[in-house]
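>>> Predicted model and sequence below, questions to follow.
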Amino acid sequence: MRNLLVVLAIMVGVAWAIGFIGYNAGGLIHLLLVIALISILLGIIQGKRRN
């Protein structure tokens with residue numbers, strides 16, 4: 001499950017970077033960044049609980 005969260009965070013982060021550089025989508029791009037950060041934090045928190 002942690003690997004899935006990391007892959008999802010990377011995909012959303014890349015989508016955010018492409019959107020930020022290439023397009024002007026406003027709040028949607030920043031929403032993607034927030035989702036990526038939340039998924040990374042969840043992965044870190046869940047990883048510490050399992051150890």
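Right, received. Where do you want to start?
>>> what about stretch 32-41, distance to the chain center?
4 Å (C-alpha atoms, centre = their mean, to the nearest Å).
>>> Extract the CA atoms of it and return them as CSV.
C-alpha atoms of stretch 32-41 as CSV (Å, rounded to 0.1, in the frame of the first residue of the first chain):
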residue,chain,number,x,y,z
LEU,A,32,-3.0,18.4,-7.2
LEU,A,33,0.0,19.5,-5.3
VAL,A,34,-1.8,19.4,-1.9
ILE,A,35,-3.1,15.9,-2.7
ALA,A,36,0.5,14.7,-3.6
LEU,A,37,1.8,16.1,-0.3
ILE,A,38,-1.0,14.5,1.7
SER,A,39,-0.4,11.1,0.1
ILE,A,40,3.4,11.4,0.9
LEU,A,41,2.7,12.3,4.5
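>>> Give me the contacts around that stretch.
Residues outside stretch 32-41 that contact it (C-beta atoms under 8 Å, 6 or more residues apart in numbering) are 5-6, 8-10, 12-13, 15-16, 19. (Each C-beta comes from the backbone N, C-alpha and C, glycine too.)
>>> Dump those residues into CSV; add secondary structure, neighbour count and pLDDT as well.
Shown next, in CSV, are these (DSSP: H, G, I helix; E, B strand; the rest coil; neighbours: other C-beta atoms under 10 Å; pLDDT from 0 to 100):
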residue, secondary structure, neighbour count, pLDDT
L5, helix, 18, 77
V6, helix, 15, 78
L8, helix, 16, 80
A9, helix, 19, 80
I10, helix, 13, 82
V12, helix, 20, 80
G13, helix, 17, 79
A15, helix, 16, 78
W16, helix, 21, 74
G19, helix, 17, 71
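>>> what's the longest helix in this structure?
Identified as the longest helix of the chain according to DSSP state H is helix 27-50.
>>> And it, what's buried?
For helix 27-50, the neighbour count (16 or more other C-beta atoms under 10 Å) marks 29, 32-33, 35-36, 39-40, 43 as buried.
>>> any chance of those residues in JSON lines, with pLDDT too?
Shown next, in JSON lines, are those (pLDDT from 0 to 100):
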{"residue": "I29", "pLDDT": "69"}
{"residue": "L32", "pLDDT": "76"}
{"residue": "L33", "pLDDT": "79"}
{"residue": "I35", "pLDDT": "83"}
{"residue": "A36", "pLDDT": "83"}
{"residue": "S39", "pLDDT": "84"}
{"residue": "I40", "pLDDT": "82"}
{"residue": "G43", "pLDDT": "81"}
